[in-house]
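Colleague: need the 3D shape of this:
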Amino acid sequence: DDVKSWVHVSTEPNGAGLFDFSLPEGSYTALAHAVSSDTSYETFVEHMVTFCDQILDTRLTLVRERLEQDAKRRASALLEQLAADVENLGGPACGELVNTIRSTNTELQIAIDRIASWFRRASSSGAEPFSIAEAIDIGIESVKTINPHFEHSVEIDFDEELRLHGSLLTVFVDILFIIF
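Modeller: Residues are numbered from 1 along each chain as shown. Below is the predicted model:
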């Protein structure tokens, strides 16, 4: 349960969950110095987004570190204890099982590394090209958030390899959402 709480969003300062987006006392002062009555709305929003980005990056790093250090150590200890218990209870007859448990530890460490890598920001930009099929899939999944029973099949009657500029993705998905 402790590990599950790591990826929760904390709803209270110092509450359960490593994703705590509450603003510490000093942050209000820092934000107050960054803006003034002459600051435009766009600049203010830019400051806020940058500030929230920094908090998110810090939290993502914290989750990765907890997974890469604490989760790996705890998982290894549990598997080693299991192997020792099986060895003590089963003796030499369970040697193959003990070896399998110990070799599973390596696979588990790799899996935890893979999970930890999920907690990074996407590096994609709005300029990455996309296919019409990708836009259709996103549109269908968007509709499914409102109507989980929605099913739709679309046949593409032109070059499926056609790639469009990434800045158009939102426009296409919005149009498809309205159509569906």
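
Colleague: for the host helix or strand of residue 177, buried residues please.
Modeller: In this structure, residue 177 sits in helix 169-179 according to DSSP states H and E. By neighbour count on 16 or more other CB atoms under 10 Å, the buried set for helix 169-179 is 169, 172, 173, 176, 177. C-beta here means a position set from N, CA and C on the backbone, and glycine is covered the same way.

Colleague: and if you look at stretch 55-65?
Modeller: 55, 59, 60, 63, 64.

Colleague: rebuild these as TSV, extending it with pLDDT and distance to residue 9.
Modeller: Formatted as TSV, the buried residues of stretch 55-65 follow (pLDDT from 0 to 100; distance: CB to CB, whole Å):
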residue	pLDDT	distance to residue 9
55	84	12
59	86	9
60	89	13
63	88	11
64	90	16
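
Colleague: which is the next helix or strand following the lowest-mean-pLDDT helix or strand in the chain?
Modeller: Using mean pLDDT, DSSP states H and E, helix 2-6 stands out as the lowest-scoring helix or strand of the chain, at a mean of 71. Where DSSP H and E defines the elements, the next helix or strand beyond helix 2-6 is strand 9-10.

Colleague: can you show me the CA trace of the least confident helix or strand of the chain as PDB?
Modeller: Only the C-alpha atoms of helix 2-6 are listed here, as PDB (Å, rounded to 0.1, in the frame of the first residue of the first chain):
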ATOM      1  CA  ASP A   2       2.900   2.400   0.700                       C
ATOM      2  CA  VAL A   3       4.200   2.000  -2.800                       C
ATOM      3  CA  LYS A   4       0.800   2.600  -4.300                       C
ATOM      4  CA  SER A   5       0.500   5.900  -2.400                       C
ATOM      5  CA  TRP A   6       3.600   7.200  -4.000                       C
END
